[in-house]
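# sharing a sequence plus its predicted fold:
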Amino acid sequence: MTDTVINCPNCGHAIPLTEALTAQLRGQLEAGLHAAHEAGLKQAVAEAEARAREQSEKDLKLFQALLAEQRQKARQAQEAELALRREKAALEGRFPRDAIRPVPKGMTGVDLIQEVRDAALKPCGRIVWEVKNTKAWQPGWLAKLKDDQRACGASLAVLVSVALPEEARNGFALIDGVWVASLAAWPALAVALREQLDRERRAMERLWKEREKQLDRIITGTAGMYDERAAPSGRRCSRSRRWSWTMNWSRHRQACRAWKPEPLLRIT
């Protein structure tokens, strides 16, 4: 069977019909395959770009969240530092005789140590202060502050916090041996606690003076009784012995005066 011949419209060359159809079909098939490959490649690239954008958005959101958290922490630390400075300035302004100082390096928890002094600048006791500027109350703060109180040798501990437990909703409360106060209530509490330590100091001094007077009367009476009992036998307490006794008692009194009574309020 003879194939029908057709002329190529481009070059005019005679091409058998069967060969022309084969070439046309091959071209169409190749074009279709190329188009499908190109479409698949474009789809793969688009999907990869979408995944990359989605991951980039997730990474960006995560980075923004971390950045916001760091900024929040920095802002809280700055606010806490400002609150601490305000508290220190307020304590120094209210109690100019007292010594207000930051905690030694290496100790965490306590922010300020207030050494209460009387009119003669004699120490009456210590109060440790800590400021918390967080949204949630944590009961574990109390035990930590009590440990720091013992380490500082303080008589009282005060925790000033933005977030308060239920017991301190009215402004302040004594919880597990620690005074907890709000930002609005702590100045009044500071005055009351300082006056308490000052009163304790005066009460201890009065008590010791009374005991000193009692001891003076006992020693004097004992010396007189010794002379009276020695008189019938003709023996008298020698002047040197009385002088030695008197000097020993004088040194004892001086040592007692140098002793500083501790405040009555102590944690156990």
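Yep, that arrived.
# C-alpha only now, for contacts and for neighbours.
Fine.
# which residue comes closest to residue 186 once chain neighbours are left out?
If the residues on either side of it in the chain are set aside, residue 186 comes closest to residue 160, at 6.8 Å by Cα to Cα, 6 or more residues apart in numbering.
# residues contacting that neighbour?
129, 130, 131, 132, 180, 181, 182, 183, 186 (Cα atoms under 8 Å, 6 or more residues apart in numbering).
# is it fair to say it lies in a strand?
Yes - using DSSP: H, G, I helix; E, B strand; the rest coil, the assignment for residue 160 is a strand.
# gap between it and residue 41?
65 Å (Cα to Cα, to the nearest Å).
# top strand in this protein by residue count?
For the chain, the longest strand by residue count, based on DSSP state E, is strand 123-132.
# ranking the contacts of residue 160 by neighbours, who comes first?
Counting neighbours by other Cα atoms under 10 Å, residue 181 leads the contacts of residue 160 with 28 neighbours.
# which is the next helix or strand following the helix or strand harbouring residue 18?
Element membership for residue 18, per DSSP states H and E: helix 17-94. Per DSSP H and E, the first helix or strand lying C-terminal to helix 17-94 is strand 99-102.
# what residues of that next one count as buried?
Residues of strand 99-102 classed as buried by neighbour count (16 or more other Cα atoms under 10 Å): 99, 100.
# and it, which strands flank it?
Sheet partners assigned to strand 99-102 using DSSP bridges are listed as strand 112-117 (antiparallel).
# what about stretch 173-182, start to end distance?
10 Å.
# in it, which residues are buried?
Result for stretch 173-182 [16+ other Cα under 10 Å]: buried residues 173, 177, 178, 179, 180, 181, 182.
# now do the second one against residue 155, distance only.
Same thing as residue 177. 10 Å.
# repeat that for the fourth one.
When Cα to Cα is applied, the distance between residue 179 and residue 155 equals 12 Å.
# pLDDT (mean, whole number) over the helix or strand containing residue 205?
According to DSSP H and E, residue 205 maps onto helix 186-230. Helix 186-230 carries an average pLDDT of 75.
# repeat for stretch 22-31
Mean predicted confidence for stretch 22-31 is 74.
# buried residues, that stretch. List them.
Buried, per 16+ other Cα under 10 Å, within stretch 22-31: nothing.
# please apply the same query to stretch 156-171.
156, 157, 158, 159, 160, 161, 163, 164, 165, 168.
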